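Participant: Build the 3D model from these lines:
(chains A and B)
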Amino acid sequence: MIQHHCTSQELLAFGSGKTTAGDSVAISAHLEFCVLCANKLRQLEAQVAQDWDQLSPEAVVVREDPAPILDSILSTPLPDLPDAPVAVSNRSKMEVGEQQFDVPAVLGRLVESGLKWRKLPGGVRLAKVKLDNQNICSFLYMQPGGKVGMHTHEGKETTLVIGGSFFDAEGEYREGDFIQRGEDDNHTSLSKEGCLCFTVQDNPVVFTKGLSRLFNPISRRLMS
Amino acid sequence: MVYLSRTPPMVTIPPTTAAPMMAVARKAKSGDCLDQLLTAVAIHRDREAFAQLFHMYSGKVHRLGMKTLRNEQQAKELVQDTMLTIWQKAPLFDSDKGTANTWIFSVARNRSFDMLRKGKAEPQCVSADDIWPLGEPPETENLGSETLEDFLELRNLQGRLEELPEAQQEIVRMVYLEDKTHHEVSEELMIPLGTVKSRLRLAINKLRNSIGGLQ
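Facilitator: Numbers count the residues shown, from 1 in each chain, chains lettered A, B, ... in the order given. Here you go, the predicted structure:
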């Protein structure tokens, strides 16, 4: 049972296409797990689409003659849409540490393109992926007993649990959970059974304690 | 391709300046009428229906483009991209899951999202259609022996089959007992391919659960 969901504002922004690619991917992955949010999105999307539809067509002046565009579309060959058999969606698998996880479809292509894992202290591995210009996105793996040291962020941090579970002072998070952290959250995360997450950050994480500080961006290290 | 050669490439273009009276009439019946138009494009590749959708929506898509892409040239490109996608992917429309208007909006939003990212030179490793799928997954998922198993199990499951909603039963029968393709079912029942697939998926999942419950 999923405990942590997207807010209505997040779903509305997502449905309107206004979220960054990083956030969009995290929300889309959550929707693969969460029927509740998926249904909510469907309603919001219908609303957004209706508002859009009610824009009076007179307000739009298209000066160009539409006939050539229409003709060119109608003469484009149609792709073969396969007569696909029915199956529960095939999720790609991902192995990290000694564990295997099912990856949500939206992350499948990213995972298949190959990730570069980097080991961090505390039984943690991190693989960064670039999706857009505003966020830093990563896959974060905690091995059983693993721990992400005390850290804060300069901006918002979104975490989607792909598999396994972890906990912090505020609670436990499981497969499909969507977690938002603000700027002032200073927290340590631990995992008993191992955990794979997809995270989206506005800005680099700043470690505040111990050896982990070595992984802060250089500018930070010079300042501290 | 059969559909392409069926009707001559002649399209009647309604005048671009629609009289206000027409706009009112259009609004009154817009929902159902729209669904019918898109369904006609989905099932029969109906050019006339597509031309109507094109005239109803190119202005709206253009406006969306001006708002998000802020550039006349790109807004035009968005109209072209969106309309082409609607023409090509209409069979993915699932009338069980939402209205034609919502589906068309989704196509425009997806194309605009991709164009915006391309303009900012953001990595193309994820596309809008991955994030907001327009219908059932386009790739063929290989069921292999599972299909046969399902089929055999279904033969002993007539009783369970009857517990399904009528609309789902009908499709399961046509596909598994009458060996019809999804396209044939779509044409016969006059529902988009996307709806055929989603109903079939729902039915199979229910049957699977019901088998699971027996063991």
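
Participant: Off-centre distance for the lengthiest helix in chain A?
Facilitator: Scanning chain A for the longest helix, with DSSP state H as the assignment, gives helix A:35-53. Computed by CA atoms, centre = their mean, to the nearest Å, the chain-centroid distance of helix A:35-53 equals 20 Å.

Participant: So is stretch A:17-27 next to chain B?
Facilitator: Yes - with CB under 8 Å from any CB of the partner chain as the criterion, chain B is reached by stretch A:17-27 at A:17, A:21, A:24, A:25. C-betas here are computed from N, CA, C, even on glycine.

Participant: Give me the nearest residue to the third one, chain neighbours excluded.
Facilitator: The spatial neighbour of residue A:24 that comes closest, neighbours along the chain excluded (CB to CB, 6 or more residues apart in numbering or on different chains), is residue B:131 at 4.8 Å.

Participant: Could you check how far the one you found is from residue A:110?
Facilitator: 12 Å (CB to CB, to the nearest Å).

Participant: Verify the stated contact: residue A:121 with residue A:148.
Facilitator: No - judged on CB atoms under 8 Å, residue A:121 makes no contact with residue A:148 at a distance of 9.5 Å.

Participant: Comparing the two, which residue is more hemmed in?
Facilitator: residue A:148 (26 against 15; other CB atoms under 10 Å in any protein chain shown).

Participant: Could you tell me which strand of chain A is the longest one?
Facilitator: strand A:157-168 (DSSP state E).

Participant: That strand vs chain B: in contact?
Facilitator: No - using CB under 8 Å from any CB, strand A:157-168 never reaches chain B; the gap is at least 13.2 Å.

Participant: Just give me the neighbour total for residue A:76.
Facilitator: With other CB under 10 Å as criterion, residue A:76 counts 12.

Participant: how near is it to chain B?
Facilitator: 6 Å (CB to the nearest CB, to the nearest Å).

Participant: Without its sequence neighbours, what residue ends up closest to that residue?
Facilitator: Using CB to CB, 6+ apart, the nearest residue to residue A:76 is residue B:84, at 6.2 Å.

Participant: ok, the one you found touching residue A:78?
Facilitator: No - applying CB under 8 Å, one finds residue B:84 not in contact with residue A:78, separated by 10.6 Å.

Participant: does residue A:93 count as helix, strand or coil?
Facilitator: strand (DSSP: H, G, I helix; E, B strand; the rest coil).

Participant: So which residues of chain A form helices?
Facilitator: Under DSSP H, chain A gives helices at A:8-15, A:21-33, A:35-53, A:67-74, A:105-112, A:218-223.

Participant: export these to a markdown table and tack on mean neighbour count and mean pLDDT?
Facilitator: A markdown table is the format used below for these (neighbours: other CB atoms under 10 Å in any protein chain shown; pLDDT from 0 to 100):
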| stretch | mean neighbour count | mean pLDDT |
| --- | --- | --- |
| helix A:8-15 | 19 | 96 |
| helix A:21-33 | 25 | 96 |
| helix A:35-53 | 17 | 94 |
| helix A:67-74 | 16 | 88 |
| helix A:105-112 | 19 | 89 |
| helix A:218-223 | 10 | 42 |
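
Participant: now the ones you listed as CSV including distance to residue B:31?
Facilitator: What follows is these, written out as CSV (distance: least, CB to CB, whole Å):
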stretch, distance to residue B:31
helix A:8-15, 19
helix A:21-33, 25
helix A:35-53, 9
helix A:67-74, 24
helix A:105-112, 30
helix A:218-223, 55
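
Participant: Just tell me which of the ones you listed ends up closest to residue B:208.
Facilitator: Of all those, it is helix A:35-53 that lies closest to residue B:208, at 17.0 Å by CB to CB.

Participant: Which elements pack onto the closest one?
Facilitator: Where contact means 3 or more CB pairs under 8 Å, 6 or more residues apart in numbering or on different chains; DSSP states H and E, helix A:35-53 is packed against helix A:8-15, helix A:21-33, helix B:47-69, helix B:100-119.

Participant: Mind checking which residue lies nearest the centre of chain A?
Facilitator: Nearest residue to the geometric centre of chain A (CA atoms, centre = their mean): residue A:26, 1.7 Å.

Participant: For residue 79, the count of nearby residues, please.
Facilitator: No chain specified, so I'll use chain A. If you count neighbours by other CB under 10 Å, residue A:79 ends up with 9.

Participant: could you do chain B instead?
Facilitator: Neighbours of residue B:79 (other CB under 10 Å): 26.

Participant: Buried residues in whichever helix or strand it is part of, which are they?
Facilitator: Element membership for residue B:79 (DSSP states H and E) is helix B:72-89. Going by neighbour count (16 or more other CB atoms under 10 Å in any protein chain shown), the buried part of helix B:72-89 is B:74-87, B:89.

Participant: Is residue B:129 in a helix, a strand, or coil?
Facilitator: helix.

Participant: Surely it touches residue B:113?
Facilitator: No - contact criterion CB under 8 Å: residue B:129 and residue B:113 do not qualify, at 9.5 Å.

Participant: Perfect, I'm done here.
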